[in-house]
Every structure is written in C-alpha cells, then in structure tokens.
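Chemist: coordinates only, sequence not included:
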C-alpha cells in the first residue's frame, strides 16, 4: 500500500502544470511520531522530490534578471470575488439594454510551492441574489488558460426607442435569464522575462518591467432565455470561436508595486446562432405581429453576416510589504456582432480583491 501511495503521488505531481518556488531541500515541518504523522512526512518528501526536479528544469528556461522566486514555501490568501455583466441589442425598431447584479463570493486559498487549493462560497445569496458563477485560471510560463461560467437570474433593464422615452418598457428581474461560458487560451512569446503568474497568481516575482506579444484563442457561448411563463420560453443561443493577437506588460514600480495590463483582440473565425420558440408562443407572436414582419419559426439557425469581434482585457495591481501582499485582479470578455440591421454587444467580467501572507 505504501508503494502504491508513493507511485500515485509521483504521477499526480509530475502531471501538475503549476509554477512552483525552487527549493533544494526542506526538512520536516510536521513534528511528532505515529502512523499519521509519518504518512504526512512521507507525502511531503515525495512532493518535494518531484517539485525540486521540476523547478530546476523551469529555472533553466527563465531569465533570473527578470523573474525570481520567493523564499517562503507556504502561502495563504483570501479575498472577495465579484462577477457580473451587461448586454445591448440594437435594431431599427429599438434597443434592448440589460445588466445583471454584481455577485460577491468569499474565497480562501492555500498554496504550497505553487500547488494550490481554494474554497469559495457566496454568503450573499441570503440578500436575494440568485446568480451563480464559477471560474478557474491557470498561469503557466508559456500558457494561460481561463474558464468562466455565469448564470444570471438578475438580468433587468429596458427595451424601447432611444429617441422616445415614452416608448420605453422596464424589464424586471426574472423575465430574462442569461447563461455564458468562456473558454480561453493564451500563448506568451516572451515567457523567459514576462510572467503572468507574478501579477495574477503571486507564485513568482517580476523583478524588472517587461512585456510580451500574446497569441490567443477563445470560445464563447451565450444563451438568453425569455420566460413567458405558461406560454413558454424563447431561447437565443450563440456560439463563436475567435483567434487573435495582443500584448501584455508588467510595470515594476517602486516600493514593491506591480501593475500588469494586457489585452487580446480577436476575430471570430466561426459562429452559429440558433433561436428556439415554443409553437404556441410562436403562433401568438405571429398573430399580433405587423403584416410586414417576417414570421417567427419555432427553430431558426443562421450565422452572423460579419465576423464577430472579441476583446479580452486583463488588469492586475499587486503590492508586497514584507511577507504580506494585497492586490486587485480583473478579467473581462466582450464581443460585438452584427446581423442585418441588428447589433449585439455582450460583456462579462470577474474581479478579485485579495490579501495574503507567505510563511
């Protein structure tokens, strides 16, 4: 059983892509005797053995004049995550403006040599916010991955004529639901001297200001559901894949301040839009529609007649003071698409206000 445990731990941590702090040897930090303490120390030695080899290989690829590592091995941090979004759809007949409530989540994180575990919860649901959100990011040397999921039940806004306020109709919460999924990948060309992990993951140190050209790809899924209760629902689903380039820069400022700004501009190379309407609701809408309007079909699919445009901004501000650090990070995803006389703008964002300590 002990041999099996060692082998499994070896496989798990060899496969881990996280950037970690370089160490040569770390003595036992868990004092005491007994089977449980012995197993913990055995696991720690196995982890350190493989992390030492991985760190040595990583250190050979980096420019130590620009990127360094903290001497502390253990890091604890906590923070408040925020997420939200808005959308605007414009046509010749009027404009739809929607935005969701900003959701707040408490997050706790423990990190040992770059290998981290985190826990998040939303205690603010008790105040009536039913939105759900999940996001995960990986900041490696050359590659950055992001996954963001948002399900908003708090969309509200207006629909009507921009030039005539009397024609504007208020849309209350619960009538429209929006679900979005963003999956992104980014390649960092100057990974020897530019580190995203220094600004967003706090697992390494940016010593000097430096930038890098970026190559990115993003998949976006957006679903709008309009709830007409007993009459049924209307679903508008859009999917798109974007490819593009960008640039990022880390500004190393006096007194251990770090500012990171980057952006990706992408063009949609593939997209698909699908609308679904229940038959009873489609019949009713066709009955009350103008004679010149095109009939509403239960299922319609099409593609945008122009390639959608996608922009991914990213910002981080971090301050270190002794073993403590505090910072703010933010990631946004926005896209613009046009079909005939209709324009569609969407944006979602996640941000984090954090505070941590290294031990």
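Modeler: That came in fine, so what should we check first? Computed from a predicted structure; not experimentally measured.

Chemist: next up, phi/psi of residue 72, please.
Modeler: Dihedral pair for residue 72: phi -70, psi 150, per degrees, to the nearest 10.

Chemist: what pairs with the nearest residue to it once chain neighbours are set aside across the strands?
Modeler: For residue 72, ignoring the flanking residues on the chain, the nearest one in space by Cβ to Cβ, 6 or more residues apart in numbering is residue 358 at 3.6 Å. Where you see a C-beta, it was placed from the backbone N, CA and C, and this is true even at glycine. Residues in a beta bridge with residue 358, per DSSP bridges, are residue 75.

Chemist: same thing with residue 265?
Modeler: residue 245, residue 311.

Chemist: tell me how many other residues surround it.
Modeler: By other Cβ atoms under 10 Å, the residues close to residue 265 number 16.

Chemist: residues in contact with it?
Modeler: Residue 265 is in contact with 244-246, 309-311, counting by Cβ atoms under 8 Å, 6 or more residues apart in numbering.

Chemist: let me have these in TSV, extended by distance to residue 134, neighbour count and pLDDT.
Modeler: Shown next, in TSV, are the contacts of residue 265 (distance: Cβ to Cβ, whole Å; neighbours: other Cβ atoms under 10 Å; pLDDT from 0 to 100):
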residue	distance to residue 134	neighbour count	pLDDT
244	25	20	96
245	28	13	97
246	25	19	97
309	26	17	94
310	21	27	95
311	22	18	96
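
Chemist: got CSV for the residues you listed, with distance to residue 283 too?
Modeler: Listed next are the contacts of residue 265 as CSV, based on distance: Cβ to Cβ, whole Å:
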residue, distance to residue 283
244, 43
245, 48
246, 47
309, 36
310, 37
311, 40
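
Chemist: nearest to residue 186, of the residues you listed?
Modeler: residue 246 (7.9 Å; Cβ to Cβ).

Chemist: so what's that closest one closest to, chain neighbours aside?
Modeler: Nearest residue to residue 246 in three dimensions, chain neighbours excluded: residue 264, at 3.6 Å (Cβ to Cβ, 6+ apart).

Chemist: again, but for residue 168
Modeler: residue 160 (3.4 Å).

Chemist: before we move on, what about residue 74?
Modeler: Leaving aside its chain neighbours, residue 74 sits nearest to residue 359 (4.4 Å; criterion: Cβ to Cβ, 6+ apart).

Chemist: please apply the same query to residue 334.
Modeler: residue 347 (4.0 Å).

Chemist: and the host helix or strand of residue 158, what does it pack onto?
Modeler: Assessed by DSSP states H and E, residue 158 sits inside strand 143-161. With contacts defined as 3 or more Cβ pairs under 8 Å, 6 or more residues apart in numbering; DSSP states H and E, strand 143-161 has these neighbours: strand 74-91, strand 94-99, strand 132-139, strand 164-188, strand 324-339, strand 342-358.

Chemist: what pairs with that strand, parallel or antiparallel?
Modeler: strand 94-99 (antiparallel), strand 132-139 (antiparallel), strand 164-188 (antiparallel).

Chemist: next structured bit after the last one?
Modeler: To tie it back to what came earlier, the one meant is strand 164-188. Remark: after strand 164-188, the chain's next helix or strand is helix 196-200, criterion DSSP H and E.

Chemist: which secondary structure elements does that next one sit against?
Modeler: strand 132-139, strand 205-206, strand 233-253, strand 257-277, strand 309-321.

Chemist: would you list those strands in JSON lines and tack on distance to residue 226?
Modeler: Putting the helices and strands packed on helix 196-200 into JSON lines (distance: least, Cβ to Cβ, whole Å) gives the following:
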{"stretch": "strand 132-139", "distance to residue 226": "19"}
{"stretch": "strand 205-206", "distance to residue 226": "47"}
{"stretch": "strand 233-253", "distance to residue 226": "4"}
{"stretch": "strand 257-277", "distance to residue 226": "9"}
{"stretch": "strand 309-321", "distance to residue 226": "25"}
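
Chemist: for residue 217, which of these is the nearest?
Modeler: Taking Cβ to Cβ, strand 233-253 is the member of the helices and strands packed on helix 196-200 nearest to residue 217, at 5.3 Å.
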